[in-house]
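Peer 1: No letters, just coordinates:
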Ligand SMILES: [Zn+2]
């Protein structure tokens, strides 16, 4: 029975590495699949992992219809047993529905990988629809760590070294979007996310004579 499975986690939890491993395992069993991704940090038409592995992939644009694309592959005589869908948080809800339909009506396994929530702790629309429709949601076991050593559960956006909680939902990291602004992402535990205490802020506070290291957990949550 085909399944729609959503593997979720924070950044740095090894999602893309698992996506590559999943493709390898199924291919080794003689199954045939297609790999999709969107806005991969390594560029378009590639799925890359932080461990340095990468493979060619189909880039998902907003106009892509998964149903039509797979039907077209099938009419060309290509067998498709499964889809690997990385960065699924950036897919549209309609595209997630198309993936569910492929599972139900064409018996294709869909293995989707993505971050659930954005830098404001709000669900990405694609991830929300995936959680609503998936047969299984699996939280990845490789845990990313906050600078303090606790399990990192939140994705923080850091602009020119300072954590922000307002802005566009999708800004790809490590880019200078037309300005001299550097946008980066950092995973944090909830405690330090709520206190806006990313690693740079923690270092600055720790080197201040006014703050003892244990105060970093006790610093107040800033007002919204
Ligand atoms: Zn922490």
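Peer 2: In hand now; what should we look at? Note that the structure is predicted; figures quoted are calculated from it, not measured.
Peer 1: burial count for residue 76?
Peer 2: Residue 76: 7 surrounding residues under other Cβ atoms under 10 Å. Backbone N, C-alpha and C define where each C-beta goes, glycine included.
Peer 1: how near is it to the ion?
Peer 2: 50 Å (Cβ to the ion, to the nearest Å).
Peer 1: ok, residue 162 - contacts?
Peer 2: If a contact means Cβ atoms under 8 Å, 6 or more residues apart in numbering, then residue 162 has 198, 200-201 as its contacts.
Peer 1: All the helices of this protein, residue numbers only.
Peer 2: Ranges of helices in the chain, per DSSP state H, are 15-28, 66-75, 93-106, 125-133, 190-194, 199-206.
Peer 1: need the ones you listed in TSV with mean neighbour count and mean pLDDT, can you?
Peer 2: Listed next are those as TSV, based on neighbours: other Cβ atoms under 10 Å; pLDDT from 0 to 100:
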stretch	mean neighbour count	mean pLDDT
helix 15-28	18	92
helix 66-75	15	95
helix 93-106	18	98
helix 125-133	20	97
helix 190-194	19	94
helix 199-206	16	88
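Peer 1: Tell me the residues of the chain that contact the ion?
Peer 2: Residues of the chain found near the ion, taking Cβ under 5 Å from the ion as the criterion, are 146, 148, 150, 189, 192.
Peer 1: ok, the last one - contacts?
Peer 2: Contact partners of residue 192, counting by Cβ under 8 Å, 6+ apart, are 146-148, 198, 202, 216.
Peer 1: coming back round to it: so which of the residues of the chain next to the ion is surrounded by the most neighbours?
Peer 2: That'd be residue 192 among these, by other Cβ under 10 Å, with 26 neighbours.
Peer 1: if I look at it, how far off is residue 203?
Peer 2: Look at residue 192 and residue 203: by Cβ to Cβ, to the nearest Å, they are 13 Å apart.
Peer 1: picking up where we left off before, which of the contacts of residue 162 lies at the shortest distance from the ion?
Peer 2: residue 198 (9.5 Å; Cβ to the ion).
Peer 1: sorry, back to before: for the residues of the chain next to the ion, name the two members farthest from one another.
Peer 2: Maximum pairwise distance in the residues of the chain next to the ion, criterion Cβ to Cβ, is 8.0 Å, between 150 and 192.
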